[in-house]
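Visitor: Here is the input, now give the coordinates:
(2 chains)
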Amino acid sequence: MNDALHARARSSSAAADPAIELRQVRKVFGESVALDEISLDIERGEFFSLLGPSGCGKSTTLNLIGGFEAPSSGDVRIEGRSVAETPPYERPVNTVFQSYALFPHMTVAENVEFGLRMKGIARAERQAAASEMLRMVSLEGYETRRPAQLSGGQRQRVALARALVNHPSVLLLDEPLGALDLKLRKQMQIELTRLQRQVGITFVYVTHDQEEAMAMSDRIGVMNRGRLLQVGTPSEIYDRPTHRFVMEFIGAANSFEGRLERQADGIGAIDVDGVGRLRGLISGNIGERARAALLVRPEKVRLKFDGRPAGNGEIEGAISHVSRLGFITHYTVRLDGGQDVLSYRLADSTEGDAGALDEGRRVVLSWKEEDARIFRSDEES
Amino acid sequence: MSATVLTRARRRFGRMLIPLCGVLGFAFLYVPIFFLILFSFNDHIIPSLPFRGFTLEWYRELSYDFVMHDALYNSLFIAFWTTLISTTLGTLAAFPLVRRSYRLKGASQLLVLLPMIIPHFLMGVALLIFFSFLGVPLSRVTIILGHVVFTMPFAIMVVSARLHGFDRTLELAAADLGANPRRTFFHVVLPIIMPGIAGAALLVFALSMDEFLITYFVSGQKGTITMYIWSLLKDGIAPRVNALASALLLASFVLLLIGNWLSSRTSGVEARR
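Guide: Residues are numbered from 1 along each chain as shown, chains lettered A, B, ... in the order given. A predicted model of the protein is given here:
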């Protein structure tokens, strides 16, 4: 009866509170600011990735959630409960470490059972749970092996099983695929997302690999220099980046520097020396005549090889390099001002005469103004 | 043509040189011990060539040498307590010496290892003066204290080496899986550094059993086996000493095998970090 009440109380709070809440979290190491006022909600059951270059603060964020570091200021909450005073061994969170950190003196089964053993669960029960979990990560039959006898990919699975067997509220993964080769990494990406759907546990995944984050995540938080720049679904982050850094870090982008001239409906134009006037969507607050950068993704840049530029944002250049990557072809176009612009086209594209687009050929480049973005060019990150 | 013969000869000599050095080196190490063991079975009162015939007389003599039995018991008693105290304190000391950063860390690391190079003769005199200054009566306790002083640096060094290679992420992983600091120590840290601790214990035990000078200065009524051998030698070389030494050698050898076996059992640990 009491238990039932308790369970209901828990589940009602479960519906209300996000899995993880960070509130104005700051972390300072001596002089350097590792995290600058990070606020973030991670919903339950979500596959959330923290993406950024090394040293951006993503691993520090993970350590704050895991309890391996304490915030200098601000609050960390797990399922609505502040964990500022909670040591790692009392948090409902488990971690898959980058180096896996398997216990070398224990067998695979003993490794997986460790968390349950610490909780005081009886031997038979934890053995059953461990072998169930090992089956889930396709490692049945490996119970009595030692970590040293396993391959990198197998160790990775043991680390996963060891964490997941405890049914944590949140699973933290710190670049878990970093040590694996490309093929195995792709395979594990698929397996990890499958596993996450299957167990329904919130995953917080730290990576510097934007493709990995895009492929696996429900939402991504992009970080740079201790700041959280943008949080959104993979397509939001890719199609509607709010910062120049986000646009350049995820996918490729051509950039042009110039001064902004504001026009109507959020569309601006910048004057680029030797290129002309280019138009795109304005992101954020930029003053009139301020220095700005216009960015456009290569796959949004259209190539035409007939006629002259019609003004209106069209620019002219000559193809300087072609790399055919199979289903897609990368064209590098040198503008008359000397700048290189990348354009991607599907190889079977019937638009224009693909065969005629060879090096040295003069072409006209253009894009839809809503496909280009204008950012402040003095933007730090 | 003669040049090629010469180079060939030289090359052959070169190929032989290293094995030859090896053989000579091992001979230098083991021939004296071989003769020591050989003469323990020699049927003559003076342990020297020629070999007069095989006998177990000297071993039989040892078996009813009750002074020797007492001395051996004392040595084992002292070595046991020295090993226990030195290894425990050495392990405890190794943690801050390896892991913490504090002022004068370099100096303290140096000071901790210094007793290894202080001559035992000096240390024996110093301890004797110290104990008599404090009015501590000389006994097996003072011998144990003396042995702890000179063996602890070895214990610290062996355990430190193991601790240096310890991946501290394992401790984070244990904490992450719900182990508090105490359980992390007993379930993760201790088992992984255990080969180091066992190695330290074996070394300390051997050093203690072997020690003569410090023991000589700080012993009271009860002597150790090394002191007993010394007293026998004062009356000339007796084959009984050979027998005793051979028996001790056998014991050391068995101990070494046990140590090897223990560390090979944990060799799965060695393979990765």
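Visitor: Name the helix or strand of chain B that has the lowest mean pLDDT.
Guide: Of all the helices and strands that make up chain B, the one with the lowest confidence by mean pLDDT, DSSP states H and E is helix B:267-271; it has a mean of 43.
Visitor: By residue count, which helix of the chain is the longest?
Guide: Reading this off chain A. Ranked by residue count and defined by DSSP state H, the top helix of chain A is helix A:182-199.
Visitor: hmm, I had chain B in mind actually
Guide: Chain B, longest helix under DSSP H: helix B:2-40.
Visitor: What helices and strands are in contact with it?
Guide: Packing partners of helix B:2-40 (3 or more Cβ pairs under 8 Å, 6 or more residues apart in numbering or on different chains; DSSP states H and E): helix B:239-265. (Glycine included, C-beta is placed from N, CA and C.)
Visitor: average pLDDT across the helix it packs on?
Guide: Along helix B:239-265, the predicted confidence averages to a pLDDT of 79.
Visitor: Spell out which parts of the stretch 1-150 of chain A neighbour chain B.
Guide: Those residues of the stretch 1-150 of chain A that sit near chain B, judged by Cβ under 8 Å from any Cβ of the partner chain, are A:66-68, A:87-90, A:93-95, A:97, A:99, A:101-105, A:114-115, A:118-119, A:146-149.
Visitor: Buried among those residues? Need that as a selection in ChimeraX.
Guide: Buried residues within the residues of the stretch 1-150 of chain A next to chain B, by 16 or more other Cβ atoms under 10 Å in any protein chain shown, are selected in ChimeraX with:
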select /A:66,67,68,88,89,93,94,95,97,99,101,102,103,104,105,114,115,118,146,147
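Visitor: Which of the residues of the stretch 1-150 of chain A next to chain B fall within helices?
Guide: Taking DSSP H, the ones among the residues of the stretch 1-150 of chain A next to chain B that sit in helices are A:66, A:114, A:115, A:118.
Visitor: hey, where'd the helices end up in chain A?
Guide: For chain A, helices defined by DSSP H occupy the ranges A:2-16, A:58-66, A:108-118, A:123-136, A:152-164, A:182-199, A:210-216, A:234-239, A:244-249.
Visitor: Go through these and find the least confident stretch.
Guide: Here those differ in mean pLDDT, and the lowest is helix A:2-16 at a mean of 46.
Visitor: What are the contacting residues of the longest helix of chain A?
Guide: Contacting residues not belonging to helix A:182-199 are listed as A:47, A:136-137, A:152-153, A:156, A:160, A:164, A:167, A:173, A:176-177, A:180, A:203, A:212, A:215-216 [Cβ atoms under 8 Å, 6 or more residues apart in numbering or on different chains].
Visitor: Now for residue A:308: which residues touch it?
Guide: Contacts here follow Cβ under 8 Å, 6+ apart; on that basis residue A:308 touches A:316, A:364.
Visitor: Number of residues surrounding whichever residue of the stretch 1-150 of chain B sits closest to chain A?
Guide: Nearest residue of the stretch 1-150 of chain B to chain A: residue B:101, at 13.9 Å (Cβ to the nearest Cβ). The number of residues packed near residue B:101 is 6, by other Cβ atoms under 10 Å in any protein chain shown.
Visitor: what does residue A:232 give?
Guide: Residue crowding around residue A:232 was assessed by other Cβ under 10 Å; the count is 17.
Visitor: Please tell me how far the closest residue to it other than its chain neighbours sits from residue A:170.
Guide: Nearest in space to residue A:232, with sequence neighbours left out and distances taken as Cβ to Cβ, 6 or more residues apart in numbering or on different chains, is residue A:219 at 6.3 Å. Distance, residue A:219 to residue A:170, by Cβ to Cβ, to the nearest Å: 14 Å.
Visitor: between the two, who's got more neighbours?
Guide: Each of residue A:219 and residue A:170 had its neighbours counted (other Cβ under 10 Å), and the higher figure belongs to residue A:170 (23 against 18).
Visitor: Can you tell me how far the more buried one is from residue A:200?
Guide: Residue A:170 sits 12 Å away from residue A:200 when distances are taken as Cβ to Cβ.
Visitor: which ones are touching the residue nearest to residue A:90 when sequence neighbours are not counted?
Guide: Counting by Cβ to Cβ, 6+ apart, the nearest residue to residue A:90 once its immediate chain neighbours are dropped is residue B:178, at 7.7 Å. Contacts were defined as Cβ under 8 Å, 6+ apart; by that measure residue B:178 touches A:89, A:90, A:115, A:118, A:119, A:166.
Visitor: Residues in a beta bridge with the residue nearest to residue A:232, which ones?
Guide: Legend: beta-bridge partners of residue A:219 under DSSP bridges are residue A:48.
Visitor: Where does the prediction get shaky in the stretch 51-200 of chain B?
Guide: For the stretch 51-200 of chain B, no stretch has pLDDT under 70.
Visitor: need the residues of it near chain A, please.
Guide: Taking Cβ under 8 Å from any Cβ, the part of the stretch 51-200 of chain B that reaches chain A is made up of B:167, B:169-170, B:172-180, B:183, B:187-188, B:191-192.
Visitor: try 7 Å
Guide: The stretch 51-200 of chain B comes close to chain A at residues B:169-170, B:172-173, B:175-180, B:183, B:188, B:191-192, as judged by Cβ under 7 Å from any Cβ of the partner chain.
Visitor: Domains of chain B: list them as residue ranges, please.
Guide: Taking automatic domain parsing as the domain assignment, the record places the domains of chain B at B:1-39, B:66-272.
Visitor: winner for burial among these?
Guide: When these are scored by mean count of other Cβ atoms under 10 Å in any protein chain shown, the highest mean neighbour count falls to domain B:66-272 (a mean of 17).
Visitor: so how far is that one from its chain's centroid?
Guide: Counting by Cα atoms, centre = their mean, to the nearest Å, domain B:66-272 is centred 8 Å from the centre of its parent chain.
Visitor: if we can go back for a sec, what's the closest of the domains of chain B to residue A:374?
Guide: domain B:66-272 (44.5 Å; Cβ to Cβ).
Visitor: rewinding a little: how far away is the residue nearest to residue A:90 from residue A:165?
Guide: Taking Cβ to Cβ as the measure, residue B:178 falls 12 Å from residue A:165.
Visitor: Touching both of those two, which residues are there?
Guide: Residues within reach of residue B:178 and of residue A:165 at once, by Cβ atoms under 7 Å, 6 or more residues apart in numbering or on different chains, are residue A:115.
Visitor: what about stretch B:200-219, start to end distance?
Guide: With Cα to Cα, to the nearest Å as the measure, the ends of stretch B:200-219 fall 25 Å from one another.
Visitor: contacts for it?
Guide: Counting by Cβ under 7 Å, 6+ apart, residues outside stretch B:200-219 touching it are B:75, B:78-79, B:82-83, B:86-87, B:90, B:120-121, B:123-125, B:127-128, B:131, B:138, B:142-143, B:146-147, B:150-151, B:154-155, B:158-159, B:224, B:226-227, B:230, B:252, B:255, B:259.
Visitor: Give me the subset of these lying in strands.
Guide: Residues from the contacts of stretch B:200-219 lying in strands, with DSSP state E as the criterion: none.
Visitor: tell me the contacts of the nearest residue to residue B:114 once chain neighbours are set aside?
Guide: Nearest residue to residue B:114 in three dimensions, chain neighbours excluded: residue B:153, at 7.4 Å (Cβ to Cβ, 6+ apart). Residues in contact with residue B:153 (Cβ under 7 Å, 6+ apart) are B:112, B:113, B:115, B:116.
Visitor: nearest to residue B:37, of these?
Guide: Closest approach to residue B:37 among the contacts of residue B:153 (Cβ to Cβ): residue B:116, at 30.5 Å.
Visitor: which residue sits closest to that closest one in space, ignoring its chain neighbours?
Guide: Once flanking residues are discounted, residue B:116 sits nearest to residue B:153: 4.5 Å by Cβ to Cβ, 6+ apart.
Visitor: Over to residue A:315?
Guide: Here the nearest residue to residue A:315 in space, its sequence neighbours aside, is residue A:365; by Cβ to Cβ, 6+ apart that works out to 5.1 Å.
Visitor: so the one you found bridges to which residues?
Guide: Partner residues in beta bridges with residue A:365: residue A:303, residue A:315, with DSSP bridges as the criterion.
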